[in-house]
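# Have a look; sequence and predicted model below, questions after that.
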Amino acid sequence: MGEFDARRAAAALRVLRVLLAGLIAAHGWARWYSGGVVPFGSWLDGLGFPFGLGIATAVTAVEILGTPLFALGRAVFPLSLLYSAIYLMGIALVHAKAGWFVVGLGRNGMEYSVLLIVSLLAVGFVAKPGRA
């Protein structure tokens, strides 16, 4: 086995962090541009959440506004926890009942969300305070 190379590991984590930021930003921007914030809020209201539109707006805002910070290595730990909580709720409310697979043997399952959460937590837990 080769010797551990801290520079390569740090570069790999940077690539993963920037990729995660892009994927998360795509969620927020797609919801925003498609006019999906209000329907998302209505859906949350229908599930019994108070202030569904406020929650939907906050989730969309943190997906759009937090991702540049995340990509630049700022506030990585708290943002990784916040994004993980958002996608954990997505699993609980939507994806778990659809099973594991997103495509193939299933549809709309939780595998993608689990991968996002584990990746977010891995990046977040190795982040240095203020920078990653």
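Perfect, I can see it now.
# CA atoms for contacts and neighbours, from now on please.
Noted.
# what's the span of stretch 43-58, first residue to last?
Length of stretch 43-58, first residue to last, Cα to Cα, to the nearest Å: 15 Å.
# ok, residues contacting that stretch?
Val37, Val38, Phe40, Gly41, Ser42 (Cα atoms under 8 Å, 6 or more residues apart in numbering).
# Which residues are in contact with Glu63?
Glu63 touches Ile24, Ala25, His27, Gly28, Trp29, Tyr83, counting by Cα under 8 Å, 6+ apart.
# Let's see that with 6 Å instead.
Ile24, Ala25, Gly28 (Cα atoms under 6 Å, 6 or more residues apart in numbering).
# For the chain, which segments are assigned as helices?
Ranges of helices within the chain are 6-33, 37-46, 52-71, 76-90, 111-126, based on DSSP state H.
# Can you say which of those helices is nearest to Gly99?
Counting by Cα to Cα, Gly99 lies closest to helix 111-126 out of the helices of the chain; the figure is 8.5 Å.
# if we can go back for a sec, the contacts of Glu63 into CSV, with extra columns for pLDDT, distance to Pro68 and neighbour count?
Listed next are the contacts of Glu63 as CSV, based on pLDDT from 0 to 100; distance: Cα to Cα, whole Å; neighbours: other Cα atoms under 10 Å:
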residue, pLDDT, distance to Pro68, neighbour count
Ile24, 98, 10, 19
Ala25, 98, 8, 21
Gly28, 97, 12, 22
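# for those residues, which one is nearest Phe125?
Ile24 (18.1 Å).
# ok, now how distant is that closest one from Glu3?
For Ile24 relative to Glu3 (Cα to Cα), the value is 33 Å.
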